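In: Task: produce atomic coordinates for the following.
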Amino acid sequence: MENSEESNGSKKCTTKTRTFRGRTKTNPTHKHQYQYQYQHHLFQYSNQFGFFNHNQYPSYYPALLPLPPPIPLQLSLTPPFPQNNSFRSKTHLQKPSCKLNNPPPPTSSVSQGPVVAISSEGLQQRKSPPVNGNNGRRAMHSTPQALIAAKRPDSGGVEGTVITLVANHFLVQFNSSQRIFHYNVEISPNPSKDVARMIKEKLVEDNSAVLSGTFPAYDGRKNLYSPVEFQNDRLEFYISLPIPTSKSSLPFGELNDFQEKHQQLKLFRINIKLVSKLDGKELSRYLSKEGDDWIPLPQDYLHALDVVLRESPMEKCIPVGRSFYSSLMGGTKEIGGGAVGLRGFFQSLRPTQQGLALNVDFSVTAFHESIGVIPYLQKRLKFFKDLLQNKTRSLISEERKEVEKALKNIRVFVCHRETVQRYRVYGLTEEATENLWFADRDGKNLRLVSYFKDHYNYDIKFRNLPCLQISRSKPCYLPMELCMICEGQKFLGKLSDDQTARILKMGCQRPKERKTIINEVMRGSVGPTSGNQSREFKLHVSREMTRLKGRILQPPKLKLGDGGLVRDLTPSRHDRQWNLLDSHVFEGTRIERWALVSFGGTPDQKSNIPKFINQLSQRCEQLGIFLSKNTIISPQYELTQVLNNVALLESKLKKIHKVASNNLQLLICIMEKRHKGYADLKRIAETNVGVVTQCCLFPNLGKLNSQFLANLALKINAKVGGCTVALYNSLPSQIPRLLRSDEPVIFMGADVTHPHPLDDFSPSVAAVVGSMNWPETNKYASRMRSQTHRQEIIQDLGAMVKELLDDFYQEASKLPKRIIFFRDGVSETQFYKVLQEELQAIQEACSRFPGYRPLITFAVVQKRHHTRLFPSETDISSIRNQFYNENIPPGTVVDTVITHPKEFDFYLCSHWGVKGTSRPTHYHVLWDENQFTSDELQKLVYNLCYTFVRCTKPVSLVPPAYYAHLAAYRGRLYLERSESMASLRNASTISRAAPPKATPLPKLNDNVKNLMFYC
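Out: Numbers count the residues shown, from 1 in each chain. This next block holds a predicted model:
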């Protein structure tokens, strides 16, 4: 009845004996201690649910049906199993059919085919001359071509005040003459990643001579790297490995005796084959300033070094992506809902201007708590809390769906019998446990409850609950009460607000504290330098953070309103915030036709509404915004339940809109608490009705402070067509070499939002925004589209860009001469594909206008990176200003030392970090026909950060990208209810179908489509 997941080597769940404390190969007593702790944990859980009966079972239990298949090895090749508990390995040396003395050099996709490259001269094509367009400029060929990212136009910017910084990059020196031998590893039967590492350790221990006495690095899958060549290009080994097991019926005093007598030996066949011989000279040439600008990054050699530096942490920590987590870094902390927070560190090897650098950062993430499935559900779901007092309760339909959602894709192990197998939960059975039957090997139908009584002398207690379904395609059942959550599984579901707050608090470290933690990782027992691998491969990793010079850009002068006049203001505070106490917004709107509707609320809360209307109107007036003190219809009071009924909600909103002669400017909605109906409200208002809405919560109305009202007023003003601030010195006056007032420029931003990790069906949502006013560039229209599930490339980009250019033409009576495009949410591995496909889509959109070929700059904006900048404690100015324990100041820019060795990128921290450590935004220019200098682009981006409409301070992300993110999130809201319905429909399906065709987003109403309704 059980379907094992043990063979799935790509999964992150650890074996039962693994703990958060990690595994160390230097102290075997620790391993026994961890096994004991695990057995003790299992014993406590077993007693709680009453199936821990001493000496009641035979020495070996029969497995639930069907048994796992035998090891698929040919009999003629399989040596006999050892008859004792010692390790034994057998080596077969085979002569390869051909020697790999001269393997082909590593290739890169960017090095194949004709190459279009950008230099300071413009576009260059390496294999054929560029073709002139109608306007005399060089244009791209229509045939597909390989592209190369824009090169740095100069040696870096010079504007701003110099500041001394340190970055969490650690210089890695490698010997360019050191060859690395890459071997492919095949293990049969296919083990989990943990078992694969155990096999590798035993193989190296037993076969030192055959492996030329080296300690190779292994990635846990198929890649093995050695600093010296093995004796043969093809090797075959047989390893007998004792797999630790647990037996829940044994008392503590017999644990060690049992482990000595009952360890199972499993035979693995390992085939190792030489794939390539990697040379470090290409990487050295790439990193050197004298190297050819057009040689591709030697990814193979870089990946090999990355695996080498991950070897030691991989053995001692729980790997999740590029991060490692261990309780040695501060233990675990419960964050509620069956989840625990665990501290760790991120590491990544990066090519930089100073050479290879290891980027190391502090990290925190959530894991599923390793407890029984029943206690787990009691912690995670409110309706399960009283289960122990009511063991006969069953689940209604909605509860069953919630349980299935909570457990789907989690890995569990059983504690009623001896096994090391792990199982993935695919769903729940339709029937309750007491009604389940299954066929044994002889075809005889057995009742599941009777089976456990007969074979394990265990009475299932929660008979009215469903069982776990642990097979994708056939009935395989496990009772919940006999299962435990495997340790080391990252929490993939959506964290609640409370869980998120606790995780953020764990990871919220002030700069000095974060810097200390990172330095401790580099010197500690689980970090990247804790093993011997570096010496084997002749690597030297610095223990000191990189020292470098940054620059603090000056804030721009801002343009505000003053009773119909214009006044200027330069943010002079250290955090670059400004206030509007004696100023107005730059462009205030008149809102005469508006209404208010509330959902729920106590009588006392509702009584605050007239006061709220009066004070909001007064605060708007102080800010230069006119909000009528009289709503066009008296405030409407609805029950919270209206938000649960889509049809009723729509009729209510349409009724209010009709009273306003279908010309309502604003609808303020007050809710009792956060409600899932918020998504329906936004969708109906912005697509069906055609009115912008502003939502707020009743608890905030009870404490009407000036800041809350001002924030509300700024959002309302922006949504109905106003703007908060503009640059006093327009962009053309600041960058006169490129920009002119009579030659419009459009700034565009694009982002894609994906469904949460456990959602296999919902579409992704792409959004593109574009500035509509030049030269102020502070009003952005948006377009949104749904697209294929988890598709990162924006599929309908051309159509959205075309629509925004049409809108721009309507506003400015001419098309923009330049397009500055900021793309958010792209990882470095996707740079080439995004550049190739999305740049072409933008160019095709432009080609739909006869003779129109604007100059395009395409830059990727990255917030999800791990580079952190800290003020230097030795810098005199930092000490004088007490910055050494604070975050770097707004306007700090870095474009040397830690940036890309050749390409055009920079780090800009445009905001003041109030909590934790500031994360600078990374801007990477992939295409630049406008030929910006470093200073020009950095100043442009920093100045734009002051024009965000929702606040009176610079934001951390350039506004076009920020708005695109907000618009994509709004598109996700439009699909939210249909997503939840789809997940409920598919929750009971066992097989994983291909993602369905993306549900199209509803069309925006013409009344709102060019307003900033999403902000």
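In: Centre-most residue in this structure?
Out: Arg864 (7.4 Å; C-alpha atoms, centre = their mean).
In: Quickly find the element holding Ser598.
Out: Taking DSSP states H and E as the definition, Ser598 sits inside strand 594-599.
In: cool, Phe237 as well?
Out: Going by DSSP H and E, Phe237 is in strand 234-243.
In: Name the helix or strand of this structure that has the lowest mean pLDDT.
Out: strand 131-132 (a mean of 34; mean pLDDT, DSSP states H and E).
In: about what we covered before: so which elements touch the strand holding Ser598?
Out: helix 609-622, strand 636-638, helix 646-659, strand 666-671 (3 or more C-beta pairs under 8 Å, 6 or more residues apart in numbering; DSSP states H and E). Placement of C-beta: from N, CA and C, glycine included.
In: Quick check: which of the ones you listed is buried the most?
Out: Stretch with highest mean neighbour count among those: strand 666-671 (a mean of 22; mean count of other C-beta atoms under 10 Å).
In: re earlier: what lines up beside the strand holding Phe237 in the sheet?
Out: Strand 234-243 sits in its sheet next to strand 88-94 (antiparallel), strand 264-278 (antiparallel), going by DSSP bridges.
In: hang on, the earlier thing: can I get the next helix-or-strand element following the strand holding Ser598 in PDB? Just the C-alpha atoms.
Out: Downstream of strand 594-599, the first helix or strand assigned by DSSP H and E is helix 603-607. In PDB, the C-alpha atoms belonging to helix 603-607 read as follows (Å, rounded to 0.1, in the frame of the first residue of the first chain):
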ATOM      1  CA  PRO A 603     -22.200  50.400  15.700                       C
ATOM      2  CA  ASP A 604     -19.400  52.300  17.400                       C
ATOM      3  CA  GLN A 605     -17.100  51.800  14.400                       C
ATOM      4  CA  LYS A 606     -19.800  53.000  12.000                       C
ATOM      5  CA  SER A 607     -20.400  56.100  14.100                       C
END
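In: Which positions within helix 603-607 qualify as buried?
Out: The neighbour-count check on helix 603-607 (16 or more other C-beta atoms under 10 Å) flags Gln605, Lys606 as buried.
In: for it, the distance to its chain's centre please.
Out: 42 Å (C-alpha atoms, centre = their mean, to the nearest Å).
In: quick one: contacts of it?
Out: Here helix 603-607 makes contact (C-beta atoms under 8 Å, 6 or more residues apart in numbering) with Ser598, Tyr637, Glu672, Phe698, Leu701, Gly702.
In: Now with 6 Å, please.
Out: With C-beta atoms under 6 Å, 6 or more residues apart in numbering as the test, helix 603-607 has contacts from Phe698.
In: tell me the mean pLDDT over stretch 724-736?
Out: The pLDDT scores in stretch 724-736 average 96.
In: how far out from the middle of the chain is that stretch?
Out: 35 Å.
In: Could I get the buried residue list for it?
Out: Thr724, Val725, Ala726, Leu727, Tyr728, Ser730, Leu731, Pro732, Ile735.
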